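Peer 1: next input, structure requested:
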Amino acid sequence: MANKQDLLRFLDSQVFDPILHRSPSGYSRADQEKLKDVQRRTESEKERFRNYSSAEEIVMNFKRDLHARAAKKVDAELEHLKLPTLPSVRDEFLKQAGE
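Peer 2: Down below sits the predicted model:
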């Protein structure tokens with residue numbers, strides 16, 4: 001299994017940072033509000049993953065988040081905004097994790 005830092009780097013580069021660094025320009029006003037909302041949620045999620053104590057805990061919570069009802073709503077908004085989601089990197093993440 002990959003170590004905690006490798007998994008965090010993967011999630012940062014493939015999911016969290018692309019969302020957090022997306023500029024609101026080019027989006028409608030309504031989509032700019034959605035972007036602000038998903039950026040706030042992503043910042044919280046990024047921090048939550050950083051606070052897990054091990055690579056195993058990161059993988060366990062990643063898998064749980066794939067099926068969480070609240071995450072599905074955010075994922076739909078991210079897809080609408082053409083941004084990455086946890087499900088969109090699922091296979092690559094699990095491969096990185098050694099599963």
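
Peer 1: so who does residue 78 touch?
Peer 2: Residues near residue 78 by CB atoms under 8 Å, 6 or more residues apart in numbering: 19, 38, 84-85. C-beta: built from backbone N, CA, C; applies to glycine.

Peer 1: show me the two of the residues you listed that sit farthest apart.
Peer 2: 38 and 84 (10.9 Å; CB to CB).

Peer 1: who's more crowded, the two?
Peer 2: With neighbours defined as other CB atoms under 10 Å, residue 38 and residue 84 compare such that residue 38 has more, 22 against 19.

Peer 1: tell me which of the contacts of residue 78 fall in helices.
Peer 2: Within those, residues falling in helices by DSSP state H are 19, 38.

Peer 1: dump the helix or strand of the chain with the lowest mean pLDDT to CSV, restricted to CA.
Peer 2: Scoring the helices and strands of the chain by mean pLDDT, DSSP states H and E places helix 69-80 at the bottom, with a mean of 93. Extracted C-alpha coordinates of helix 69-80, given in CSV (Å, rounded to 0.1, in the frame of the first residue of the first chain):
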residue,chain,number,x,y,z
ARG,A,69,-25.5,10.5,-0.1
ALA,A,70,-24.2,14.0,0.6
ALA,A,71,-21.2,13.4,-1.6
LYS,A,72,-23.4,12.5,-4.6
LYS,A,73,-25.0,16.0,-4.6
VAL,A,74,-21.5,17.7,-4.5
ASP,A,75,-20.3,15.3,-7.2
ALA,A,76,-23.2,16.3,-9.5
GLU,A,77,-22.3,19.9,-9.0
LEU,A,78,-18.6,19.2,-9.7
GLU,A,79,-19.5,17.3,-12.9
HIS,A,80,-21.8,20.2,-14.0
